[in-house]
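Engineer: Provided below for reference: sequence and predicted model.
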Amino acid sequence: MPKQVKNPDFLRQLSVEQLQTALIEARTATQAFLEHWRILTHDPRAKLPLHVEWNLPEWEAGHIAWFQEYWIARNPDRSAGLQVNPDTPRLASLIANSDALYHSSEIAHDPRWSLPFPEPEELKHYLDQGLEGTLTLLREVSACDDSSQLKAALYFFRLALYHEDMHAEAASYSMNHYLHDVGQRWEAGEEEIEMITSFTYASVFSEMPFKPRLQEGGRSEQRMIQAGERQFGALPEMGFAFDNELPPFTQWLPSFSIDATPVSVAEYYAFIQAGGYQNQSYWSDAGWLWKSQQQAELPRFHRLNAGHLERCCFGNWHVVREDSPIVHITAYEAEAWCAWAERRLPSEHEWTTAAAEQDEFNWGQVWEWTQSDFLPFDGFIAHPYQDYSQPWFTGHRVLKGASFATHARMRNPMYRNFYLPMRNDIYSGFRTCAR
Ligand SMILES: [Fe+2]
């Protein structure tokens, strides 16, 4: 089982051998997810309805295979790494019409639900054969020993791996959401549900023991961070970087005090009990509009049962531990909680600094909302996969950290996740700073 690592930099510098193992592991998880999804939805009554937060697993798996093939086997200039012209003419795909089926930049979300997908066996074959092709080309890279040349030659292999990992986490959101919404109406055998749940935990989730740092009264311990000049963004020696982590820069950061742990269920429950969802004065205009439209009275996938807060996790309802972090929170709810508790969300730079400098800064169980809009760093240049960051620089918010469903090799305090503030199907929580 992957564990969080103290120094995650090396995970951005996976060698040829490490990449081989990781690519095989990621593809095995993708295939297993697809197979379990097929079993889960073999009953036509369990058909997945079109939903803005979901991609069809058939589409998602094909897209993963397509992405890897598009940037590696079909890309004759792949060894140029970041210098590749994104529009360079591609070689033939293993399957007909793969660009028309799986090119995420060109196929909007809704039409993805009505495409003429390949038969299940053909899709499985595409995933298998695609990986074989990738591994063959990766073996050729090992012949090159100049370090800058090697970095360029490995760029797309690393990108394709992280892309597959990100989709694995997204698949777990879909599975969780699906089993909550549809699974309840579907008469699945207990054995099947158990298999899906155990698969999801075993293959996708990293086990992260959560050690809350709570003071008496249930509030988090505080960490004081001294003012000073800090370095942000990815330095060249750190290895692979996403375009939105570049270029690196230094910035003066005033001192601040931040929670040593994300806001717990007990702390959030106190806000619910204090009428937090009924008091407009705690909410931003956008937040109150969201709350009113959704008629939200609790975090999503939660319910109150005999005075206990329960959460639906992969179709199973269970009482949540009071000292665990609250999850499935929108940025609006996080801000309303802060207004009630007279706290504030950290900026992304405050979070990054505290995570880098504090030994006991419990992170990795839930993604954590920040107050920072997702914006390019000064001097941003889009990388060849131009739609990774650039289209999302409006309206999205930065989340830091990682969730229990994030693969260990994706966990890095430098990483900038981003979502619209109303998203709550993701494993999102928050921590706070003193005002
Ligand atoms: Fe993708």
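Structural biologist: Happy to help now that I have it.

Engineer: is it true that residue 152 lies in a helix?
Structural biologist: Yes - applying DSSP: H, G, I helix; E, B strand; the rest coil, one finds residue 152 inside a helix.

Engineer: I'd like to know how many residues surround it.
Structural biologist: Neighbour count for residue 152, taken as other C-beta atoms under 10 Å: 19. Yep, even glycine has a C-beta here, placed from its N, CA and C like the rest.

Engineer: Repeat that for residue 236.
Structural biologist: 11.

Engineer: Just want to check the distance between it and residue 378.
Structural biologist: 17 Å (C-beta to C-beta, to the nearest Å).

Engineer: for residue 220, same thing?
Structural biologist: Residue 220 is 33 Å from residue 378, by C-beta to C-beta.

Engineer: Which one of those two is surrounded by more residues?
Structural biologist: Using other C-beta under 10 Å as the criterion, residue 220 and residue 378 rank with residue 220 on top: 20 against 8.

Engineer: Do I have it right that that one meets residue 431?
Structural biologist: Yes - Residue 220 is within contact range of residue 431, at 7.0 Å (criterion: C-beta atoms under 8 Å).

Engineer: any shared contact partners between the two?
Structural biologist: Counting by C-beta atoms under 8 Å, 6 or more residues apart in numbering, the residues touching both residue 220 and residue 431 are 259, 261, 262, 263.

Engineer: Let's see if you can find the most crowded of those residues.
Structural biologist: Most neighbours among the shared contacts of residue 220 and residue 431, by other C-beta under 10 Å: residue 262, with 29 neighbours.

Engineer: ok, the residue lying closest to that one once chain neighbours are set aside - contacts?
Structural biologist: Nearest residue to residue 262 in three dimensions, chain neighbours excluded: residue 325, at 3.9 Å (C-beta to C-beta, 6 or more residues apart in numbering). By C-beta under 8 Å, 6+ apart, the residues touching residue 325 are 210, 212, 261, 262, 263, 264, 265, 365, 366, 429.

Engineer: same deal with residue 30?
Structural biologist: So residue 30 contacts 61, 64, 127, 164, 167, 168 (C-beta under 8 Å, 6+ apart).

Engineer: Can you name every helix or strand that the helix or strand hosting the fourth one contacts?
Structural biologist: Which is residue 164. In the assignment (DSSP states H and E), residue 164 maps to helix 147-181. Counting contacts by 3 or more C-beta pairs under 8 Å, 6 or more residues apart in numbering; DSSP states H and E, helix 147-181 packs against helix 16-40, helix 57-71, helix 120-141, helix 190-199, strand 308-313.

Engineer: for the shortest one, packing partners?
Structural biologist: Secondary-structure packing of strand 308-313 (3+ C-beta pairs under 8 Å, 6+ apart): helix 147-181, helix 265-273, strand 302-305, strand 316-319.

Engineer: List of residues touching that strand?
Structural biologist: Applying C-beta under 8 Å, 6+ apart, the contact partners of strand 308-313 are 176, 179-180, 265, 269, 272, 298, 301-304, 317-320, 327-328.

Engineer: and that strand, which residues are buried?
Structural biologist: 309, 310, 311, 312, 313 (16 or more other C-beta atoms under 10 Å).

Engineer: What mean pLDDT does that strand get?
Structural biologist: When pLDDT is averaged over strand 308-313, the result is 88.

Engineer: what's the spacing between that strand and its chain's center?
Structural biologist: Mean-position distance between strand 308-313 and its chain equals 22 Å (C-alpha atoms, centre = their mean, to the nearest Å).

Engineer: Direction included, what does that strand pair against?
Structural biologist: Strand 308-313 has the following strand partners under DSSP bridges: strand 302-305 (antiparallel), strand 316-319 (antiparallel).

Engineer: pLDDT score assigned to residue 98?
Structural biologist: pLDDT recorded at residue 98 is 92.

Engineer: isn't it right up against residue 66?
Structural biologist: Yes - between residue 98 and residue 66 there is a contact at 5.1 Å, judged by C-beta under 8 Å.

Engineer: Thank you, goodbye.
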